[in-house]
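Asker: Here's my sequence, what's the structure:
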Amino acid sequence: MVTAVILMKADRERINESAEALADMKGISEVFSVSGRYDLVAIARVDSNEELAELVTGRMLKLNGILDSETMLAFRAYSRHDLEGMFAIGFGE
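Answerer: Predicted coordinates for the structure are as follows:
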């Protein structure tokens, strides 16, 4: 599994429209509108680098409202949510 964080600058008049289109794309698990230098952040989870390349350059950057992007590949995940879920397996009610 390949996980990437994709930072995007968007046409300010199309931020909501762009975010909704991104959230509907296969491979995108979450989209956030954010403050700072970027307007949107998307979390992508796909099976391969080739699938990520197709998602980013073949689909995401072709959206009319997306002006620029920066993609960061995740090496490891450190998430309390994931750890809690892992320790909850087999325990409980």
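Asker: Just the strands from this protein, written as ranges.
Answerer: Secondary structure of the chain (DSSP state E): strands located at 2-10, 28-33, 40-46, 66-73.
Asker: how about the second one: buried residues?
Answerer: Right, the one you point to is strand 28-33. Judged by neighbour count (16 or more other Cβ atoms under 10 Å), strand 28-33 contains these buried residues: 28, 31. Yep, even glycine has a C-beta here, placed from its N, CA and C like the rest.
Asker: Mind listing the residues bridging to the residue nearest to the spatial centre of the chain?
Answerer: The residue at the geometric middle of the chain, judged as the C-alpha nearest the mean C-alpha position with Cα atoms, centre = their mean, is residue 43 (1.8 Å). Taking DSSP bridges, one finds residue 5, residue 30 as the beta-bridge partners of residue 43.
Asker: residue contacts, it?
Answerer: Residues in contact with residue 43, defined by Cβ atoms under 8 Å, 6 or more residues apart in numbering, are 3, 4, 5, 6, 28, 29, 30, 31.
Asker: let's see 10 Å
Answerer: When contacts are counted by Cβ atoms under 10 Å, 6 or more residues apart in numbering, residue 43 touches 3, 4, 5, 6, 27, 28, 29, 30, 31, 32, 74.
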